[in-house]
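> attaching a predicted model along with its sequence, questions to come.
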Amino acid sequence: MRLHHLSLISSIALGASLASAAPAAAQDVEGVEDDGLGDIVVTAQRREENLQDVPISISVLNDEALDAIGSGGQDVRALSARVPSLVVESSFGRTFPRFYIRGLGNTDFDFNASQPVSLVYDDVVLENPILKGFPVFDLDRVEVLRGPQGTLFGRNTPAGIVKFDSAKPENDVTGYGRVSYGRFNNVNAQGAVSFPLGEKASARLSAMLQRQDGWVDNTNPSAPETNAFEGYTEFATRLQLLLAPTDETQLLLTGQYRNLDGTARVFRANVFTRGQRGLNGNFDRFSVSTDGQNEQNVETYNFAARFSHDFGPVTLVSVTSYWGGNASSVGDVDGGFGANFLPPALTGPGNIPFTAETRDSIPELHQFTQELRLESNNDGPLSYQAGIFFFDESLRIVSENYSTLGDPLNAPGGVNILVSQRQDSEAFGAFASLTYALTEQLSITGGIRYNDDSRDYFVARTQDTQFPAFLQNPLGTVTRQVEDDNITWDASINFAASDDLNLYARVARGYRAPSIQGRILFPPATATPLEDGVTIGNAETIQSYEAGLKADLLDGRARINLNGFLYNLNNAQLTAVGGGVNANRLINADNVRGYGFELDAQFKPSSMVLLTAGLSYNNTEIRDPDLTTAACGAVRVDLLPGDPSLCTILDPIVTPAAPFSSAIVNIDGNSLPQSPRWIANWSARFGMPVGDGEVYAFTDWSYRSRINFFLYESVEFQDRSQLEGGLRIGYQTDSFDVAAFVRNITNDASAVGGIDFNNLTGFVNEPRIWGVEAGFKF
């Protein structure tokens with residue numbers, strides 16, 4: 001990263017009082033007390049605790065912070081870079097978010113992808129990617145737990161978890177409502193009401209509606225269309241019923257539903273130039289020229305029951321949940337129209353070797369989870385919890401890949417490949433964790449968990465035309481099965497050096513279950529053996545070391561949390577995306593090492609001013625001398641007799657590229673994809689009493705440094721940096737709020753991903769959004 005970037009971050013972080021802590025977007029004035037910041041309550045260890053007392057690196061976003069960054073209808077991707085070490089991106093758009101913590105994530109774009117960051121919604125893990133895109137509304141808080149969380153949250157948490165807690169029913173009649181209108185005829189409306197049902201029950205009903213017109217024109221000369229893409233309508237609702245028949249017993253019943261109807265991610269052909277960094281002159285945020293379909297539909301639903309009974313010494317907790325859903329998404333992945341074998345007027349923009357269109361569908365998804373645990377209630381030095389967990393998922397995926405592939409001489413030809421997958425997964429866990437206070441100042445925590453995972457996989461491939469010989473991927477059916485068991489654990493020590501300063505150290509072992517991938521076509525040149533086109537990612541383990549401090553300063557008006565970490569990810573499960581024919585291949589690296597730090601802080605110099613900022617540094621390195629992967633597509637036959645690769649490869653080349661056969665490169669020493677070294681965020685809130693309320697201004701900013709899109713490195717498929725800011729100015733009282741807002745106020749245009757098998761295709765961040773909002777609460 002260039003020095004001026006580091007200077008910018010350092011200046012802002014220091015100027016905002018050392019750097020941030022809880023929310024990346026500042027908490028609303030209601031979230032702090034007039035005489036200080038107040039306590040932040042978290043449930044990172046499955047019980048309510050003060051954030052400052054928990055020996056884990058945690059950031060928190062409360063409901064006011066979420067409202068600010070979600071102005072204008074942004075989905076869960078708006079959380080990216082809003083807390084240290086967190087990145088969220090997607091090649092699908094408003095569904096299938098991919099989460100990264102401390103550089104660890106998964107760029108896999110298939111619907112059965114496994115991620116090392118787990119998303120936990122009201123104590124229930126959401127495994128499938130379409131579930132992870134459930135809208136962010138009527139929440140109490142979001143907690144981001146960094147580092148392995150295997151003891152209490154189980155498998156697939158080696159990087160950490162993102163934990164969503166919805167607002168719960170209350171015994172009084174309370175609620176809120178708000179609606180905003182903004183650019184592109186964007187409407188964002190949500191509300192909730194909580195009410196008693198007699199003396200022993202209460203309920204809460206919440207709902208959200210978001211819609212937006214398309215704002216990207218299709219300038220394809222054969223079929224032009226105004227405002228063709230980026231439109232959507234999304235609805236979600238949640239009903240909760242809380243029953244308390246006795247003082248010792250509670251039952252919370254929850255039903256949730258989501259429906260999304262809109263367009264998928266817009267891919268933009270040749271927005272990079274071979275040999276150059278950054279978006280080129282072909283890029284126009286408001287137009288593309290494409291000839292493929294673009295649509296997306298998602299429907300998910302949930303039924304859950306949380307039962308608890310206090311037996312005195314212990315409380316029994318049961319969490320039962322069922323999630324189901326279906327989805328379909330189709331996109332023109334070549335990003336352009338026509339192909340090179342057609343007359344120049346019928347193809348573009350730029351070099352389009354062949355057309356490519358993909359439709360992925362989930363006609364059937366079922367996820368069932370059950371957890372039983374005992375939690376201690378004693379006030380003595382020992383506290384503990386123990387339990388068992390069961391997970392069962394049934395998933396069916398249908399993918400259709402159409403392309404006018406041609407042959408290396410650019411003769412026209414077409415192939416339509418239909419791939420049907422079925423995947424059944426089961427997992428069992430048994431865990432225990434205890435904390436013992438050795439003295440009033442010193443406590444230790446230890447936990448252990450047994451994990452047992454199994455997965456059955458079936459794939460069938462059919463086609464309606466002759467299969468191109470250079471792809472060499474067998475048709476027919478393939479079955480695979482993987483299973484693994486593992487022990488994960490953690491141990492920590494927490495020392496209260498004073499009433500305002502806690503020091504802690506933590507060591508943890510995490511685990512990601514084995515994965516299977518098999519729908520995508522593979523190039524013949526690869527150093528990893530393929531089993532009938534199916535690849536298996538063996539289980540990975542992580543050993544993590546962390547130490548930090550959590551301090552309240554200036555009589556509670558300032559807070560700073562700082563930690564450093566080091567981890568070794570062994571047998572790292574990676575996804576080799578792209579290359580040649582858009583492969584999606586699982587590989588294991590001997591080791592990935594990561595280290596860095598995270599800094600969170602808040603400062604409230606007066607009752608009218610609240611400042612926050614955050615900073616993280618993450619260094620990741622693949623350590624496997626023999627690890628190779630395919631680089632970008634080799635379809636530039638117009639460059640022969642030179643290198644036909646689309647991109648400028650920066651890694652050592654093991655096997656040079658040939659026409660329609662990607663170069664094989666060594667990726668030892670590379671950083672992980674979508675892993676910026678630096679992430680910074682800062683915010684400021686100013687309020688002035690006027691009448692019965694206050695006039696306020698709130699601004700929040702996020703920055704991330706350079707990211708690489710793939711496992712291999714090239715000049716073209718990367719983005720230098722991204723800086724986005726927001727501003728909200730309004731007037732609020734205890735009962736209403738009116739405001740004007742702007743998101744991405746600088747209109748930053750940054751590539752957030754690429755497609756490398758056909759041409760230099762990219763996709764970008766969200767545009768500037770502005771609007772007005774009015775809300776009430778009671």
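Noted; the coordinates are in hand.
> any idea what F741 is bridged to?
Beta-bridge partners for F741, by DSSP bridges, are R728, G771.
> thinking it is in contact with W770, fair?
Yes - at 6.7 Å, F741 counts as touching W770 under the criterion of Cβ atoms under 8 Å. In short, each C-beta sits where N, CA and C put it, glycine included.
> where does this protein dip in pLDDT?
Residue ranges of the chain with pLDDT under 70: 1-35, 402-417, 463-475, 519-532, 581.
> do you have the strands of the stretch 501-650 of the chain handy? List them.
With DSSP state E, counting those that start in this stretch, the ranges of strands along the stretch 501-650 of the chain come out as 501-512, 515-517, 535-537, 540-553, 558-578, 583-606, 609-623, 628-630.
> now do the last one: distance to the chain's middle.
Relative to its parent chain, strand 628-630 has a centroid offset of 25 Å by Cα atoms, centre = their mean, to the nearest Å.
> on contacts alone, who are the packing partners of it?
strand 558-578, strand 583-606, strand 664-666 (3 or more Cβ pairs under 8 Å, 6 or more residues apart in numbering; DSSP states H and E).
> adjacent strands (with direction) for it?
Partners of strand 628-630 in the sheet, by DSSP bridges, are strand 664-666 (antiparallel).
> contacts for the strand it pairs with?
525-527, 625-631, 649, 651-655, 712 (Cβ atoms under 8 Å, 6 or more residues apart in numbering).
> one step back: need the helices and strands packed on strand 628-630 in CSV (columns: mean neighbour count and distance to R204).
Shown next, in CSV, are the helices and strands packed on strand 628-630 (neighbours: other Cβ atoms under 10 Å; distance: least, Cβ to Cβ, whole Å):
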stretch, mean neighbour count, distance to R204
strand 558-578, 23, 31
strand 583-606, 21, 29
strand 664-666, 22, 54
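> make TSV from those and add distance to L639 to it.
Formatted as TSV, the helices and strands packed on strand 628-630 follow (distance: least, Cβ to Cβ, whole Å):
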stretch	distance to L639
strand 558-578	19
strand 583-606	22
strand 664-666	18
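> ok, back up a step: from the contacts of strand 664-666, list the buried ones, please.
For the contacts of strand 664-666, a burial check counting by 16 or more other Cβ atoms under 10 Å picks out A525, T526, L627, T628, T629, A630, A631, I649, D651, T655, Y712.
> closest to D424 among those?
D424 lies nearest to T526 out of the buried ones among the contacts of strand 664-666, by Cβ to Cβ, at 27.9 Å.
> how long is stretch 758-778 end to end?
The first and final residues of stretch 758-778 sit 55 Å from each other (Cα to Cα, to the nearest Å).
> chain center to it: distance?
Offset of stretch 758-778 from its chain centre (Cα atoms, centre = their mean): 17 Å.
> cool, stretch 100-119 as well?
Its chain's average C-alpha position is 8 Å from that of stretch 100-119, according to Cα atoms, centre = their mean.
> tell me what S194 is bridged to.
Going by DSSP bridges, S194 forms beta bridges with T174, R204.
> got a list of what it touches?
A167, P169, E170, D172, V173, T174, G175, S202, A203, R204.
> one more: A697?
If you count contacts by Cβ under 8 Å, 6+ apart, A697 has them with R685, F686, G687, L727, R728, I729.
> is it bridged to anything, and to what?
A697 has these beta-bridge partners by DSSP bridges: F686, I729.
> now it: how far from N227?
33 Å (Cβ to Cβ, to the nearest Å).
> go on, E234?
18 Å.
> more neighbours, those two?
Each of E234 and N227 has its neighbours counted (other Cβ atoms under 10 Å); E234 has more, 22 against 15.
> any idea how far the helix or strand hosting the more buried one is from the chain center?
According to DSSP states H and E, E234 maps onto strand 232-243. Distance, stretch centre to chain centre, for strand 232-243: 21 Å (Cα atoms, centre = their mean).
> buried set for it?
Counting neighbours by 16+ other Cβ under 10 Å, strand 232-243 gives Y232, E234, F235, A236, T237, R238, Q240, L241, L242, L243 as buried.
> equivalent analysis for stretch 760-774, please.
760-771, 773.
> please apply the same query to stretch 217-236.
So for stretch 217-236, counting by 16+ other Cβ under 10 Å, buried means D217, N218, T219, N220, A228, F229, E230, G231, Y232, E234, F235, A236.
> what's the fourth one in contact with, if anything?
Spelled out, it's N220. S289, T290, D291, F337.
> what two of the residues you listed are the furthest from one another?
Between any two of the contacts of N220 (Cβ to Cβ), the greatest distance is 8.1 Å, for S289 and D291.
> now do the shared contacts for these two.
N220, G336, F337.
> what's the closest of the contacts of A697 to R704?
Closest to R704 out of the contacts of A697 is L727 (19.7 Å), distances taken as Cβ to Cβ.
> the closest one touches T699, doesn't it?
Yes - judged on Cβ under 8 Å, L727 makes contact with T699 at a distance of 4.9 Å.
> run through the bridge partners of the most centrally placed residue in the chain.
The residue lying closest to the centre of the chain (Cα atoms, centre = their mean) is F99, at 2.6 Å. Taking DSSP bridges as the rule, F99 bridges to V88.
> separation between it and L586?
Using Cβ to Cβ, one obtains 18 Å as the distance from F99 to L586.
> same question, G338
Distance, G338 to L586, using Cβ to Cβ: 34 Å.
> try F686
F686 is 50 Å from L586, where distance means Cβ to Cβ.
> likewise for E400?
E400 is 22 Å from L586, by Cβ to Cβ.
> again, but for W701
37 Å.
> returning to what we had before: could the buried residues of strand 232-243 go into CSV alongside distance to G510?
Listed next are the buried residues of strand 232-243 as CSV, based on distance: Cβ to Cβ, whole Å:
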residue, distance to G510
Y232, 35
E234, 33
F235, 36
A236, 31
T237, 35
R238, 31
Q240, 32
L241, 36
L242, 34
L243, 36
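> which one of these is nearest F660?
For these, the nearest to F660 is Y232 (36.6 Å; Cβ to Cβ).
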